[in-house]
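*Asks:* Quick one, what's the 3D model for this:
(2 chains)
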Amino acid sequence: MAMSPAKPKRRGVITVKQLVMLALCTAILLAVQVAMAPLPNIELVSLLVVLYTLFFRWRTLLILYAFVLLEGLLYGFGLWWIHYLYVWTVLWGAAMLLHRMKGTAGWVLLLAGYGLCFGLLCSVAYLFIGGPKAAFSYFISGIPFDLAHCAGNAVIGAVLFHPLRRLFTRFMPAVS
Amino acid sequence: MKNRKWVLGFAALVVIAGLLYGAYVILMPEGKTGAKQITFTVTQADGQTQTFAISTDQAYLRKALEAQGLIAGEESDYGMYVKTVDGTTADESNQEWWCFTQNGETLMTGVDTTPIADGDCFEAALTTGY
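*Replies:* Below is the predicted model:
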């Protein structure tokens, strides 16, 4: 009996299964952010963005911007929302560049470094809105929060990156 | 060899964090106690303004305004979140909030960490929309 040739995989197409997983991951991201909102600059969003990027690659952008839209609907579309339009994409971009990195240490370093730079990234928006003085004041006054963000991301990454990656590998096969 | 790379990476991160903290300590404006005169202008939602001349010994804006009974609010991890100015409470259900400025420029620090100096002019305007 002749075997029919395997259907070639179409790049850039999202299957129904992937769409459902992306929606679920968006919901998890939002729930985790809301649950940890009372803890200033201690968050799981960064870790999940990195893990989603490793498994969904460019499709992670769909999660990110759905998340950003939902955050705006939940908290109101203020100045902070302008930051959110690009800060998570920076992390996504870094994770995409480093996706071949093995082990946990490098990813913990990325997460900690991102936490340390978060205020600097957000101050870019103030550069256009309030000028260099406003951007600089915003950055300097937020340094203690960036230090907490760095430490929080480092601890969370060190504890949760490996177990969550294993969980993802088990339940969410990598897609290219 | 591989581990050494990551150890150096973390060491560099700690150094950068230390430098940032140092920059914060040096560059963050510090308030000084001592007699000073400041003005505080309150603008209500209908555009009506009232200016208060305040004589104070305080180093930071919060205590100078609280001493005059001009502000009230909730404590948060970032200091006081001002909800009431000059007896008018912002209606959060209407997305109202008090915008603090100094000489017309938006303050980047809260009332707890905004230093005051003799001759400073501060403003608070009831604003709608985030």
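*Asks:* Give me the most central residue, the chain.
*Replies:* Since you didn't name a chain, this refers to chain A. residue A:49 (2.6 Å; CA atoms, centre = their mean).
*Asks:* you looked at the wrong chain, it should be chain B
*Replies:* For chain B, the residue whose C-alpha lies nearest the mean C-alpha position (CA atoms, centre = their mean) is residue B:110; its distance is 2.1 Å.
*Asks:* Surely the residue nearest to the centre of chain A touches residue A:89?
*Replies:* No. Under the contact definition of CB atoms under 8 Å, residue A:49 does not touch residue A:89, with a separation of 9.3 Å. Just so you know, the C-beta spots here come from the backbone N, C-alpha and C atoms, and that holds for glycine as well.
*Asks:* Residues that sit against both of those two, list them.
*Replies:* With contacts taken as CB atoms under 8 Å, 6 or more residues apart in numbering or on different chains, residue A:49 and residue A:89 have residue A:64 as neighbours in common.
*Asks:* I'd like to know which helix or strand in chain B has the lowest mean pLDDT.
*Replies:* For chain B, counting by mean pLDDT, DSSP states H and E, strand B:105-106 ranks last in confidence among helices and strands (a mean of 82).
*Asks:* Identify the residues contacting that strand?
*Replies:* A:130, A:133, A:134, B:99, B:100.
*Asks:* Among these, which one has the most neighbours?
*Replies:* Sorting the contacts of strand B:105-106 by how many neighbours each has (other CB atoms under 10 Å in any protein chain shown) puts residue B:100 first, at 21 neighbours.
*Asks:* Paired strands for the least confident helix or strand of chain B, with orientation please.
*Replies:* strand B:96-102 (antiparallel) (DSSP bridges).
*Asks:* Can you identify each of the strands in chain B by residue range?
*Replies:* In chain order, chain B shows strands spanning B:36-43, B:49-56, B:71-76, B:79-85, B:88-89, B:96-102, B:105-106, B:121-128, with DSSP state E as the criterion.
*Asks:* Point out where the chain drops to low pLDDT.
*Replies:* If you meant another chain, say so; for now it's chain A. In the predicted model, chain A carries pLDDT under 70 at residues A:1-12, A:173-176.
*Asks:* Not quite, go with chain B.
*Replies:* Judged by pLDDT under 70, chain B has its weakly predicted residues at B:1-2, B:77, B:130.
*Asks:* which other helices and strands contact the helix of greatest length in it?
*Replies:* For chain B, the helix that runs over the most residues, judged by DSSP state H, is helix B:2-27. Other elements packing on helix B:2-27 under the criterion 3 or more CB pairs under 8 Å, 6 or more residues apart in numbering or on different chains; DSSP states H and E are helix A:105-129, helix A:132-141, helix A:143-171.
*Asks:* That one vs helix A:105-129, what angle?
*Replies:* Between the axes of helix B:2-27 and helix A:105-129, defined by axes from the mean of the first three to the mean of the last three CA atoms, to 10 degrees, the angle is 30 degrees.
*Asks:* May I see the buried residues of helix B:2-27?
*Replies:* B:9, B:13, B:17, B:20, B:24 (16 or more other CB atoms under 10 Å in any protein chain shown).
*Asks:* picking that back up, what's the farthest-apart pair in the contacts of strand B:105-106?
*Replies:* Within the contacts of strand B:105-106, A:133 and B:99 form the most distant pair, 17.4 Å apart (CB to CB).
*Asks:* near chain B, which residues of chain A?
*Replies:* Within reach of chain B by CB under 8 Å from any CB of the partner chain, chain A has these residues: A:40, A:75-79, A:103, A:105-106, A:109, A:112-113, A:116, A:130, A:133-134, A:137-138, A:140-141, A:143-144, A:146-147, A:150.
*Asks:* Kindly recompute the last result at 6 Å.
*Replies:* By CB under 6 Å from any CB of the partner chain, the residues of chain A that approach chain B are A:40, A:76, A:78, A:105, A:109, A:112, A:137, A:138, A:140, A:141, A:143, A:147.
*Asks:* Just the buried residues of those.
*Replies:* With burial judged by 16+ other CB under 10 Å, the buried subset of those is A:105, A:109, A:112, A:137, A:138, A:140, A:141, A:143, A:147.
*Asks:* Against chain A, how distant is residue B:94?
*Replies:* From residue B:94 across to chain A, the span is 12 Å (CB to the nearest CB, to the nearest Å).
*Asks:* what separates that residue from residue A:14, distance-wise?
*Replies:* As defined by CB to CB, to the nearest Å, residue B:94 lies at a distance of 40 Å from residue A:14.
*Asks:* Tell me which of the two has more neighbours.
*Replies:* residue A:14 (13 against 10).
*Asks:* other SSEs contacting the strand or helix carrying residue A:20?
*Replies:* Remark: residue A:20 resides in helix A:16-35, with elements defined by DSSP states H and E. With contacts defined as 3 or more CB pairs under 6 Å, 6 or more residues apart in numbering or on different chains; DSSP states H and E, the secondary structure elements packing on helix A:16-35 are helix A:45-56, helix A:60-75.
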